[in-house]
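Asker: model this:
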Amino acid sequence: MKSENFLFAHDDLQIHTHTDEKRTIAILGVAVDERLCSKKIELDAIRTIDEAIQHTINLAGYYVVVFSINGTDHILTDPGGMMGVYYKDGEASSSINLLKDVRRDSTITDSFHFRDTDDWYTGSTTPFVHVKYLLANHVLNLETNKVQRFWPTFDCGEISHHEGVQRCCEILKHAANKYVEMGEVLVSLTGGRDSRVNLASMVDHSKSITTFTLSSPKIKNCDIEIPKSLAALTKVNHLVIPIEENDIDTLNLYDEISGGLAIGARREVASTCKQLSDKNYIHISGNLGAITKSFFWHNKNPKSVKVSALLKEFIAKPPCIIDGANEWLKTVPTGLRPTFVYNLMYLEQRGGRWMGPGENASSLFYQPTSLFCSRRLTEIACSMPTQTQVGGQLLEDLASALWPEVGEHSYCKNTRGVTSFIPRGLKNFAKKKLARLK
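Answerer: From the prediction side, this is the model:
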């Protein structure tokens, strides 16, 4: 996307557009309207940037909205910033490598060694000169480079656990229905809670979706056997795909799209996921499910927000990482309860900044999205009682309410909890030692 009003998109990408003599509005990617009465995305009535913002607030999924009027281009992100927008000098792209004259920023790369122990950037920071990441739930004016947050603008309300579960289920089923209407749906399936909610949301579509599970000796047995038994129970089409060694051509394409910002487990299965690329699936993953798991909370009932809660994800904490975290926190409106801010931190930072590059690169194989990339779902989850949001029980409650047989099926035991008994300082020391060996 350039400020001269050129917009380039891949032929496989879902696109909704409306153009007339004064304006153009386009939604690129997998987007659904969260208003339950809406039958399709309507764009012709949008005439101002304020109307475009209001429309975007109602959308869920992985997408960007481009609104051009009077020669000025505006770009708006999805709830988690998962599609990714990078910009510099009046141009923007979902891939850094499509921008002109991109150069590495040695000030950042020398102070922060990007590796599997420190594998994402905070705020709008990138390791490229003058290139910034467009923060989730912000609108960018490409002519002025002005960036402004458009959601949330005020605190969420308070509702009971029962009402919250009911309303979340309505949103999840609505989104599932819309994705099935768009095309062939592919749902990744493990023995965990996030993917279980995805499967349960598809209760009305068991005969039309495809599910898949990756298999290797390194994957826990329950993450393979439980999906198999779930597939037999629900009679969904289920593929078990052995993880294969990556081929260099696929990796090169993957790295080019991600700008080298997606490393680790997602990259390691790139060629394996390539086996699913023949039908241009809409892939629904469990990403962002931890907005219901108090991921960044520093205790079970936080009364304040600490930047250190985000920084605990990093071994190295150079100025670029600390500044990015503080930059993000300054964009958050005052008056939001701490739990809402923490969950927003997970959605926008852990989501868009860590998960986003890998999800964007996976568009090589399918069109990615998540049922959890939703503003309304986030608001409702954050409105529920504090104890509801701690841990992950809410996900089990959602799955059981959506499809009781699926929700009540056994889950993989979370063995990662054992590490909670190890002091953080000792864990970080061990991580540093491992990092030096790589």
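Asker: if I pick residue 325, what's in contact with it?
Answerer: 122, 123, 307, 310, 311, 349 (Cβ atoms under 8 Å, 6 or more residues apart in numbering). From N, CA and C alone the C-beta is placed, and that goes for glycine too.
Asker: Just the element for it, please.
Answerer: Assigned by DSSP states H and E, residue 325 falls within helix 319-331.
Asker: ok so residue 351 is a helix residue?
Answerer: Yes - counting by DSSP: H, G, I helix; E, B strand; the rest coil, residue 351 falls inside a helix.
Asker: Tally up the residues packed near it, please.
Answerer: Close neighbours of residue 351, defined as other Cβ atoms under 10 Å, add up to 26.
Asker: quick thing: my sequence starts at 848, can you match it?
Answerer: Will do, 848 is the new start, and the previous item becomes residue 1198.
Asker: Give me the helix or strand of the chain that scores worst on average pLDDT.
Answerer: Within the chain, judged by mean pLDDT, DSSP states H and E, the helix or strand with the poorest mean is helix 1271-1284; its value is a mean of 54.
Asker: burial of the closest residue to residue 921 other than its chain neighbours, as a residue count?
Answerer: Leaving aside its sequence neighbours, residue 921 sits nearest to residue 914 (Cβ to Cβ, 6 or more residues apart in numbering; 4.6 Å). When neighbours are counted by other Cβ under 10 Å, residue 914 registers 24.
Asker: For the helix or strand harbouring residue 914, give the mean pLDDT please.
Answerer: For residue 914, the enclosing helix or strand under DSSP H and E is strand 906-916. Averaging pLDDT along strand 906-916 yields 96.
Asker: Run a quick check on residue 860 versus residue 1213, I expect a contact.
Answerer: No - look at residue 860 against residue 1213 with Cβ atoms under 8 Å: they stay out of range, at 11.3 Å.
Asker: So between those two, which is more surrounded?
Answerer: Taking other Cβ under 10 Å, residue 860 and residue 1213 do not tie; residue 1213 has more neighbours (24 against 15).
Asker: Can you read off the pLDDT for that one?
Answerer: 96.
Asker: Can you check the pLDDT for residue 1269?
Answerer: You'll see residue 1269 listed with a pLDDT of 51.
Asker: Sorry, slip of the keys, the one I care about is residue 1260.
Answerer: We have a pLDDT of 84 for residue 1260.
Asker: Ok, the one 4 residues further on next?
Answerer: In this prediction, residue 1264 carries a pLDDT score of 44.
Asker: do the same with residue 855
Answerer: For residue 855, pLDDT reads 84.
Asker: Any stretches of this protein with poor pLDDT?
Answerer: 848-852, 883-887, 1262-1285 (pLDDT under 70).
Asker: Now do the strands in it.
Answerer: 862-866, 870-880, 906-916, 919-924, 933-935, 938-940, 979-980, 985-988, 993-996, 1032-1035, 1057-1062, 1084-1089, 1129-1132, 1214-1217 (DSSP state E).
Asker: If we ignore the residues flanking it in sequence, what's nearest residue 919?
Answerer: The shortest distance from residue 919 to any non-neighbouring residue, by Cβ to Cβ, 6+ apart, is to residue 990 (4.8 Å).
Asker: Give me the neighbour count for that neighbour.
Answerer: Count around residue 990 with other Cβ under 10 Å applied: 13.
Asker: Equivalent analysis for residue 1166, please.
Answerer: Residues within reach of residue 1166, counting by other Cβ under 10 Å, total 11.
Asker: and it, how far is that from residue 1182?
Answerer: Distance, residue 1166 to residue 1182, by Cβ to Cβ, to the nearest Å: 29 Å.
Asker: biggest helix in the chain, by residue count?
Answerer: helix 1008-1029 (DSSP state H).
Asker: to the chain's geometric centre, what's the distance from that helix?
Answerer: In terms of Cα atoms, centre = their mean, to the nearest Å, the gap separating the centre of helix 1008-1029 from the centre of its chain is 18 Å.
Asker: And stretch 962-972, by the same measure?
Answerer: Distance of stretch 962-972 from its chain centroid, counting by Cα atoms, centre = their mean, is 15 Å.
Asker: and if you look at stretch 1195-1215?
Answerer: In terms of Cα atoms, centre = their mean, the centre of stretch 1195-1215 is found 6 Å from the chain centre.
Asker: what sits against residue 1077?
Answerer: 1036, 1043, 1046, 1083, 1253, 1256.
Asker: for the fourth one, what are its contacts?
Answerer: Right, the one you point to is residue 1083. Contacts of residue 1083 by Cβ under 8 Å, 6+ apart are 1046, 1049, 1053, 1054, 1056, 1057, 1058, 1077.
Asker: same thing but at 10 Å, please
Answerer: Contact analysis of residue 1083 by Cβ atoms under 10 Å, 6 or more residues apart in numbering lists 1034, 1036, 1046, 1049, 1052-1058, 1074, 1077.
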